[in-house]
Every structure is written in C-alpha cells, then in structure tokens.
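Colleague: output the structure for:
(one chain, ligands or ions: 1)
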Amino acid sequence: MIPSTDPAAGAAVKAADRAHVFHSWAAQELIDPLAVAGAEGSYFWDYDGHRYLDFTSGLVFTNIGYQHPAVVAAVQEQAGRLTTFAPGFAVDVRSEAARLIARRTPGGLDKIFFTNGGAEAVENAIRMARLHTGRPKVLSAYRSYHGSTSTAIGLTGDPRRWPSDSGTSGVVHFHSPFLYRSPFHATTEAEECARALEHLETTIAFEGPATIAAVILETVPGTAGIMPPPPGYLAGVREICDRHGIVFVLDEVMAGFGRTGAWFAADHYGVVPDLLTFAKGVNSGYVPLGGVAISAEIADTFATRPYPGGLTYSGHPLACAAAVATIRVMEDEKTVEHAARIGETVLGPGLRELAARHPSVGEVRGMGAFWALDLVRDKETREPLVPYNATGAANAPMAAFAAACKRNGLWPFVNMNRTHAVPACNITEAEAKEGLAILDGALTVADEYTA
Ligand code: PLP
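Modeller: Numbering: from 1, shown residues only. As a prediction, this is how the structure comes out:
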C-alpha cells in the first residue's frame, strides 16, 4: 500500500510548504507539517516510509476512508462531463444530491441550500433564522465549535472564539449538559437533563424570548468533547423553542452522515430541527461541500421574498457528484450500520477496557465511530491531565501521548485533555483493534503524568 519511499521529494514538498503555505490556527514558524505522500482507506503515509492508521479521519470528514474507488470514479466522470456550472441553473447532479440528502434528513427537511463547507452552512442557517423570525439574537453552547467565519466563530464556545470576539455577534452562550463535568452539580443523567433545560429556559427568560431568533446545538458536540446528550434533552430544547417561536438549529457538520451510527445523530433522539447544517461526511470531504437542510415553514418565508444570500460555488457539480457517489456507497456497503456495530462491539468495549486499566482515562464517551477519552491526572477528582487551553510545557503530557501514538503508527486526534477515536466509519474490525492496541501503549505514557 506504500509506494516507494522518496525522502528528497518529501523534503521538496515540505520546503515549498514552509515557503508559501500559510496554515490555519497556527503560529507559522512554530509548526512542522508532515509531508503526505498518499492515502488509502484508513491509512496515509509519508515520503519516508512511515504509514499511519488515521484515527482522526482528517478533521473528522473521511467517513468512507481515503480514495474510495467509486467516489474517485464519480468525480472523474463528472469532470469529463460537466466540471462546473453556475448555481442559478438546474443541474442533474445537484438536483440528485439534494434529493438524496433531503430524503435522509430527520423529519424530511425537504429543501437544501448548498455551501462549500460547515461554517458557511452555519452562517446561512443563522441568517435564515434571523430573517424568518425578525429577531436578532442567537443562543449557543459554551462547549461547542461551529466554524471560523464571523457568525460561526461568534457562536463557537471554545477559546478559538476569543481572538475574534468583538462582543457584537448577537450571541449568548449557555451551558449544555455534560454530566462528567456537570456545570449543574448533577449526579445523574436525569438530573443533568432537567437542570440543563431549566438553565436554558432561565437564560431565554432573562434575555427576552422575543429577541431570540435561534438556539443552535451540535446534536452530539464534537470537537468540544463528544458528549452525547442525556435522554430527553434535545426533545426538551425542541419544546422550549416551540413555546417561544425560536428556530431550533442542529449542527450536524461533524456528527452527520454515519459518524454516530445513524445517518444523522438526531435520529438517535427522535428530534426534528427547523434547520440542519451538514458538511464533511456528506461526500467524505473529497470535494468541499456543505449545506443547510430547511423545513417547509422556513423555506416558505422565502417563497416569494428573495433569500439574500448565495455563493459562486453553491452546489458545485464536482462536489455534488462526490456526494451522490458517497451516499450510494454508504447505502451499498451499509456504512452507517457498520459504524453503529463497530462502536457497539469493538470501539466502545475496547476503549472501556482501556479505561479500566489506565489511571489516565477518566471517562469514555461516544457512539458509532465517534469516541472521546477524557484524560485526567486523578480519576477521583477528575482533574484534567492538562489545564483548559494549555500550551507549551503545560501541555507536555498530551504532547507526549500524541508522540507515542505517532511513533507506533497511529495518527491521533488530540484536543486539550482529550483524545478522540474518530476513524473512518468503514474501518475494519482488525484496523480498529490495531488502533486500540496502539492507544493502549500510548496511554502508558499518559499514565506517567497521573497523580
Ligand atoms: N460545525 C461543526 C460542528 C464542526 O465540527 C465544524 C468543523 O469542524 C464546523 C461547523 C465548520 O466546518 P468547516 O470547517 O467546514 O467550515
């Protein structure tokens, strides 16, 4: 699977990158990006002969793995037939992508507005909610990530917002449920659910319900720590939104398209949002694509009144061809069912078994191919292995853990004091077990930092 090694070619790729590529979220002189030579399925490799099992799915988007031949062929075929076309026309592959996506959304959200990625989907969902209600404010959770454009970063609840927060976004943050680190001093899921709903209700009351356009939540928060909500929470938010005429937006950019072992995470909870944002897994990230699935009621707001938003590449044919092919592959290969089963039979039990043996693992959370290990200094106190938003020396335990994973051939997802096991949804049982074994070894390194 690894083509011949070619360190000189790798060095040239790296040199041009360092000279000319300005990277996201980074101090440019302090980073050392790996030069990638190729990828296939659940693996990628560099120019020096190192192969890595990808437990990150890129940025949690290669839900069917790298270079799936059916999707590669569909993109090639589309490129040969009609590479691009402006968004104002009806194009076969765009129509088909919209139909396939709409048919799978919870509650049959029947209209699809296409974007180039997740943040633009969130931007447009919030714009639709504000215009639909005529209200300015939006509520979002502290433990959340919604993207890095201006509205989306304003909604985001983690420190990535801070440098861009001018305090004028119209966003009010609230605490979503998270029993392991409960903001409500709750001791059971039922208590956490009831108190989180009461807190949201109180926040709305004090903000003024008539000023609030939308509540946006990740159905299962992703980058913030993979916290499946307690039973009843999302249904409770739906009820609160209905009572106050507030639009309920579910952000499924990360959790959607099989990641949780369902087409959409909302399917696990039986809730139907008014707007649902998606991206990433919709076409496994082979060509940039995102979008908003829209309820009939909100679509109707723009039936005779123009929607004031658009993008040159909305519904780009290459991206839509990749989406059509990806959805067909996921149906044919039963990828969603596979993700559910691998979560129940391999990843979940395997990670819990690691937690039982390693003092550094405080909690295992997740479902499907979407898991987090909350690493701690002390299981009793639950003190995180590194402080919130730690950098440099303070982050040494997580850096040592990540380095141990890489030394042994696993590329880990690491965020603050957590590692997420988020491989391709079609990862095989043998590959998942290989990943668990490497995590086992790396956790021994993390254990050395426990109290
Ligand atoms: N929403 C969620 C839940 C995400 O996880 C992300 C990206 O990780 C985004 C929105 C932003 O997506 P993009 O990076 O495609 O703009």
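Colleague: now the single nearest residue of the chain relative to the ligand, what are its backbone angles?
Modeller: Nearest residue of the chain to the ligand: residue 118, at 2.2 Å (Cβ to the nearest ligand atom). Any C-beta I mention is one placed from the backbone N, CA and C, and that applies to glycine too. The phi and psi torsions at residue 118 (degrees, to the nearest 10) take the values phi -70, psi -50.
Colleague: residue 276 is in contact with that one, correct?
Modeller: No. Using Cβ atoms under 8 Å as the test, residue 118 is too far from residue 276 to be in contact (11.9 Å).
Colleague: mutual contacts of these two, please.
Modeller: residue 251 (Cβ atoms under 8 Å, 6 or more residues apart in numbering).
Colleague: and the residue of the chain closest to the ligand, what does it touch?
Modeller: 146-147, 152, 251, 253-254, 277-280, 290.
Colleague: kindly report the same for residue 59.
Modeller: Per Cβ under 8 Å, 6+ apart, neighbours of residue 59: 280, 285.
Colleague: can you give me phi and psi for it?
Modeller: Torsion angles, degrees, to the nearest 10, at residue 59: phi -110, psi 50.
Colleague: which pLDDT value goes with it?
Modeller: Looking at residue 59, its pLDDT is 97.
Colleague: now do residue 257 against residue 119, distance only.
Modeller: According to Cβ to Cβ, to the nearest Å, residue 257 stands 17 Å off from residue 119.
Colleague: which stretches of the stretch 251-400 of the chain form helices?
Modeller: 266-269, 296-301, 317-332, 335-342, 348-357, 396-407 (DSSP state H, counting those that start in this stretch).
Colleague: angle of the third one against helix 335-342?
Modeller: In this case it means helix 317-332. Relative orientation of helix 317-332 versus helix 335-342 (axes from the mean of the first three to the mean of the last three Cα atoms, to 10 degrees): 50 degrees.
Colleague: for helix 317-332, name the packing helices and strands.
Modeller: helix 69-81, helix 92-104 (3 or more Cβ pairs under 8 Å, 6 or more residues apart in numbering; DSSP states H and E).
Colleague: pull the residues that contact stretch 404-416.
Modeller: Taking Cβ under 8 Å, 6+ apart as the rule, stretch 404-416 contacts 44, 50-56, 60, 223, 225, 384, 386, 388-390, 398, 401-402, 419-422, 434-435, 438-439, 441-442, 444-445.
Colleague: same question for it, mean pLDDT?
Modeller: 98.
Colleague: what confidence value was assigned to the residue of the chain positioned farthest from its centre?
Modeller: Largest separation from the mean C-alpha position in the chain: residue 8, at 35.1 Å (Cα atoms, centre = their mean). In the predicted model, residue 8 carries a pLDDT score of 97.
Colleague: all numbers from here: first residue = 47
Modeller: Sure thing, new numbering starts at 47, so read that last one as residue 54.
Colleague: distance from the chain centre to the helix or strand that contains it, please.
Modeller: Residue 54 is located in helix 53-66, with elements delineated by DSSP states H and E. Its chain's average C-alpha position is 30 Å from that of helix 53-66, according to Cα atoms, centre = their mean, to the nearest Å.
Colleague: give the buried residues for it.
Modeller: Within helix 53-66, the residues that count as buried by 16 or more other Cβ atoms under 10 Å are 56, 59-60.
Colleague: again with stretch 127-146
Modeller: Buried, per 16+ other Cβ under 10 Å, within stretch 127-146: 137, 139-140, 142-144, 146.
Colleague: average pLDDT for that stretch?
Modeller: 98.
Colleague: what's the span of it, first residue to last?
Modeller: Terminal residues of stretch 127-146 lie 21 Å apart, using Cα to Cα, to the nearest Å.
Colleague: stretch 268-275 too?
Modeller: 12 Å.
Colleague: name the next helix or strand downstream of the helix or strand that contains residue 178, please.
Modeller: Residue 178 belongs to helix 164-179 when assigned by DSSP H and E. Later in the chain than helix 164-179, the nearest helix or strand by DSSP H and E is strand 183-187.
Colleague: check whether that following strand contacts the ligand.
Modeller: No. Strand 183-187 is not in contact with the ligand by Cβ under 6 Å from any ligand atom; minimum separation 10.7 Å.
Colleague: which helices and strands sit right next to that strand?
Modeller: By 3+ Cβ pairs under 8 Å, 6+ apart, strand 183-187 packs against helix 164-179, strand 217-220, helix 235-253, strand 258-264.
Colleague: sorry, back to before: tell me, which of the buried residues of stretch 127-146 make contact with the ligand?
Modeller: Applying Cβ under 6 Å from any ligand atom to these, none is adjacent to the ligand.
Colleague: contact partners for the nearest residue to residue 229 once chain neighbours are set aside?
Modeller: Nearest non-adjacent residue to residue 229, counting by Cβ to Cβ, 6 or more residues apart in numbering: residue 221, 4.2 Å away. Applying Cβ under 8 Å, 6+ apart to residue 221 gives the contacts 187-189, 229-230, 242, 245.
Colleague: filter the residues you listed to the buried ones?
Modeller: Counted by 16+ other Cβ under 10 Å, the contacts of residue 221 give 187-189, 229-230, 242, 245 as buried.
Colleague: can I get those in CSV including distance to residue 399 and pLDDT?
Modeller: Shown next, in CSV, are the buried ones among the contacts of residue 221 (distance: Cβ to Cβ, whole Å; pLDDT from 0 to 100):
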residue, distance to residue 399, pLDDT
187, 31, 98
188, 32, 97
189, 27, 97
229, 30, 96
230, 30, 98
242, 30, 98
245, 35, 98
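Colleague: and residue 436, how many neighbours does it have?
Modeller: Counted with other Cβ atoms under 10 Å, residues neighbouring residue 436 total 17.
Colleague: quick check: phi and psi on it?
Modeller: phi -70, psi 150.
Colleague: show me how this structure divides into domains.
Modeller: 53-110+380-493, 115-378 (automatic domain parsing).
Colleague: residue 185 contacts residue 218, doesn't it?
Modeller: Yes. Using Cβ under 8 Å, residue 185 is in contact with residue 218, at 5.3 Å.
Colleague: for residue 332, which residues are in contact?
Modeller: 117-118, 121, 368, 372.
Colleague: which of the residues you listed are buried? Put it as a ChimeraX command.
Modeller: Buried residues among the contacts of residue 332 (16+ other Cβ under 10 Å), as a ChimeraX selection:
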select :117,121,368,372
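Colleague: leaving out chain neighbours, which residue sits closest to residue 52?
Modeller: residue 93 is the one closest to residue 52 (Cβ to Cβ, 6+ apart), at 5.1 Å.
Colleague: what about that neighbour, neighbour count?
Modeller: 23.
Colleague: OK, contacts around it?
Modeller: Contacts of residue 93 (Cβ under 8 Å, 6+ apart): 51-53, 55-57, 59, 81, 83.
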